[in-house]
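A.B. asks: mind looking at a prediction? Sequence and model below.
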Amino acid sequence: MVDNVVIIGSGPAAHTAAIYAARANLSPILFEGWMAGGIAAGGQLTTTTDVENFPGFPDGISGPELCDRFRAQSLRFGTVIHTETITRVDLSKRPFRYASDEREGAARAIIIATGATAKRDDIPGTRDGELWQKGVSACAVCDGALPMFRGKPLFVIGGGDSAMEEATFLTKFGSKVYIVHRRDELRASKIMQDRARANPKVEILYSHQVVEVLGEGVVQQTRVKDLKSGELRDIESAGLFFAIGHKPNTDFLGGQLKLDDQGYVLTTPGTTETSVPGVFAAGDVQDKKYRQAITAAGSGCAAALEAEHFLSAHPE
Ligand code: FAD
Ligand code: NDP
């Protein structure tokens with residue numbers, strides 16, 4: 001038996017694709033993963049508390065509850081969901097082949113929506129069960145406006161465009177934003193560096209490292225080390241944001257789709273088409289710019305519509 005559409009992933013992109021594909025009578029099969037990319041089925045939103053910028057929830061909604069609702073809506077229209085991680089695909093010819101540890105199958109079209117995982121460093125105080133999500137975050141756009149950060153000094157780790165952008169964004173809320181970078185030179189583009197440097201609330205600590213985050217229940221102090229002199233300083237702060245890059249979940253593709261130099265799936269601009277006709281990519285796995293639930297959902301919708309058009313033109 002050959003499935004029409006197999007969707008790999010479990011965040012807003014995958015479930016929006018499933019809702020659209022199911023309502024188009026394509027009987028989608030969705031593999032939601034089992035701790036794939038180190039995250040529970042449901043994707044990155046399962047790791048956060050309140051989501052306040054997803055339209056339709058004027059009072060906010062908890063990340064896990066929003067994920068449960070996406071899943072329930074997929075099921076309502078007949079999506080078949082397997083809690084299994086796809087470990088292999090063969091995209092060399094149609095029908096495409098796929099495999100998890102428990103089954104193998106074939107599909108006429110595939111939608112990849114496996115997301116990306118924000119990188120975190122293993123710094124004492126920042127781990128799960130310590131101050132993670134109690135002032136420590138990996139998404140300034142998502143968490144920066146929380147009351148706990150208002151009028152307080154904040155830290156961003158990283159020297160790339162994300163760090164510059166997040167630090168500049170955080171100056172709207174914090175009294176001061178320290179950027180901690182491990183080298184003497186930033187990696188960020190000149191324009192982003194200039195914007196951050198021009199902001200009077202930003203101070204860049206070059207050749208520094210955060211070595212510990214301290215606090216009772218919430219972040220209160222950040223311990224930094226000057227990598228040249230070895231000097232340690234404890235600086236008052238209410239938040240620490242990692243901006244050290246993301247890792248897209250594309251290892252299982254085995255190099256069969258064109259990826260960029262960081263491993264993101266390359267899509268034809270303005271579409272979700274990948275380098276293999278019949279394979280579509282949606283959400284953070286192909287988007288290193290916006291990385292938001294609503295943009296992921298939007299591209300999941302586009303992937304399902306494009307898969308539907310593709311299957312009409314190429315039924316076998
Ligand atoms: P993801 O949410 O990344 O989910 C993909 C999932 O697919 C993976 O997590 C895994 O479960 C599954 N998977 C991976 N590989 C496989 C495989 N091989 N087989 C089967 N399944 C697989 N955005 C907002 O808009 N508002 C917010 O408030 C907000 N808060 C955030 C807070 C945090 C802490 C983080 C980390 C992110 C936050 N974001 C927020 C960003 C948002 O979560 C992402 O942009 C969005 O979840 C991306 O959706 P996605 O569908 O591309 O995939
Ligand atoms: P990058 O990989 O460009 O930068 C990551 C930064 O984090 C680097 O400065 C790196 O240091 C530092 N870093 C990595 N690991 C660690 C660690 N363990 N401890 C401390 N520091 C660490 O990622 P970004 O997310 O910034 O950007 C990804 C892509 O997205 C880029 O192509 C960027 O241009 C693009 N982007 C564009 C934006 C825009 O134009 N508006 C906004 C955001 C992203 P080092 O330099 O020493 O390697």
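C.D. replies: Happy to help now that I have it. Ligands and ions are numbered 1, 2, ... in the order given.
A.B. asks: tally of neighbours for the residue in the stretch 151-300 of the chain that ligand 1 sits nearest to?
C.D. replies: Taking Cβ to the nearest ligand atom, ligand 1 has its nearest neighbour within the stretch 151-300 of the chain at residue 283, 2.3 Å off. All C-beta atoms are positioned from the backbone trio N, CA, C, and that covers glycine. Neighbour count for residue 283, taken as other Cβ atoms under 10 Å: 34.
A.B. asks: pretty sure it is touching residue 293, no?
C.D. replies: No - using Cβ atoms under 8 Å, residue 283 is not in contact with residue 293, being 9.1 Å away.
A.B. asks: identify the contacts common to the two.
C.D. replies: Each of 11-12 lies in contact with both residue 283 and residue 293 under the rule Cβ atoms under 8 Å, 6 or more residues apart in numbering.
A.B. asks: can you tell me the closest non-neighbouring residue to residue 139?
C.D. replies: In space, and not counting its chain neighbours, residue 139 is closest to residue 118: 6.7 Å by Cβ to Cβ, 6 or more residues apart in numbering.
A.B. asks: most remote residue from this protein's center?
C.D. replies: residue 229 (35.8 Å; Cα atoms, centre = their mean).
A.B. asks: who in the stretch 201-316 of the chain is up against ligand 1?
C.D. replies: Residues of the stretch 201-316 of the chain lying close to ligand 1 by Cβ under 6 Å from any ligand atom are 249, 252, 283-285, 291-294, 296.
A.B. asks: now, of these, which are buried?
C.D. replies: Among these, those buried by neighbour count (16 or more other Cβ atoms under 10 Å) are 249, 252, 283-285, 291-293, 296.
A.B. asks: nearest to ligand 1: which residue in the stretch 101-250 of the chain?
C.D. replies: residue 115 (1.9 Å).
A.B. asks: the residue in the stretch 101-250 of the chain that ligand 2 sits nearest to: neighbour count?
C.D. replies: In the stretch 101-250 of the chain, the residue that lies nearest ligand 2 is residue 160 (2.4 Å; Cβ to the nearest ligand atom). Residue 160 has 17 neighbouring residues, counting by other Cβ under 10 Å.
A.B. asks: can you count the residues close to the nearest residue to residue 36 once chain neighbours are set aside?
C.D. replies: Excluding its sequence neighbours, the residue lying closest to residue 36 (Cβ to Cβ, 6+ apart) is residue 85, at 4.3 Å. Using other Cβ under 10 Å, residue 85 has 20 neighbouring residues.
A.B. asks: so what's residue 85 up against?
C.D. replies: 31, 33-36, 100-101, 252.
A.B. asks: inside strands: which ones of those?
C.D. replies: 31, 100 (DSSP state E).
A.B. asks: which one of the contacts of residue 85 is nearest to residue 245?
C.D. replies: For the contacts of residue 85, the residue nearest residue 245 by Cβ to Cβ is residue 36; the value is 19.0 Å.
A.B. asks: the closest one reaches residue 249, doesn't it?
C.D. replies: Yes - contact criterion Cβ under 8 Å: residue 36 and residue 249 qualify, at 6.5 Å.
A.B. asks: residues shared between the contacts of these two?
C.D. replies: Residues touching both residue 36 and residue 249 by Cβ under 8 Å, 6+ apart: residue 114.
A.B. asks: quick one: name the residues of the stretch 1-150 of the chain near ligand 2.
C.D. replies: Residues of the stretch 1-150 of the chain lying near ligand 2 (Cβ under 6 Å from any ligand atom): residue 121.
A.B. asks: report pLDDT for the residue nearest to residue 138 when sequence neighbours are not counted.
C.D. replies: Spatially, and ignoring its direct neighbours in sequence, residue 138 is nearest to residue 118 (3.6 Å; Cβ to Cβ, 6+ apart). For residue 118, the model assigns a pLDDT of 86.
A.B. asks: for residue 118, give me its contacts.
C.D. replies: With contact taken as Cβ under 8 Å, 6+ apart, residue 118 is in contact with 44, 138-139, 242, 246.
A.B. asks: sec struct for the residue nearest to the residue of the stretch 101-250 of the chain closest to ligand 2 when sequence neighbours are not counted, please.
C.D. replies: Closest residue to residue 160 apart from its sequence neighbours, by Cβ to Cβ, 6+ apart: residue 187 at 4.6 Å. Under DSSP: H, G, I helix; E, B strand; the rest coil, residue 187 falls in the coil class.
A.B. asks: cool, the one 4 residues further on as well?
C.D. replies: Assigned state for residue 191: helix (three-state reduction, three-state DSSP).
A.B. asks: give me the neighbour count for residue 305.
C.D. replies: 16.
A.B. asks: and what of residue 102?
C.D. replies: Residue 102 has 10 nearby residues by other Cβ under 10 Å.
A.B. asks: mind checking how far the residue nearest in space to the middle of the chain is from residue 81?
C.D. replies: In the chain, the centroid-proximal residue (Cα atoms, centre = their mean) is residue 116; its distance is 4.4 Å. Separation of residue 116 from residue 81 (Cβ to Cβ, to the nearest Å): 21 Å.
A.B. asks: I'm done for today, thanks for sticking with me.
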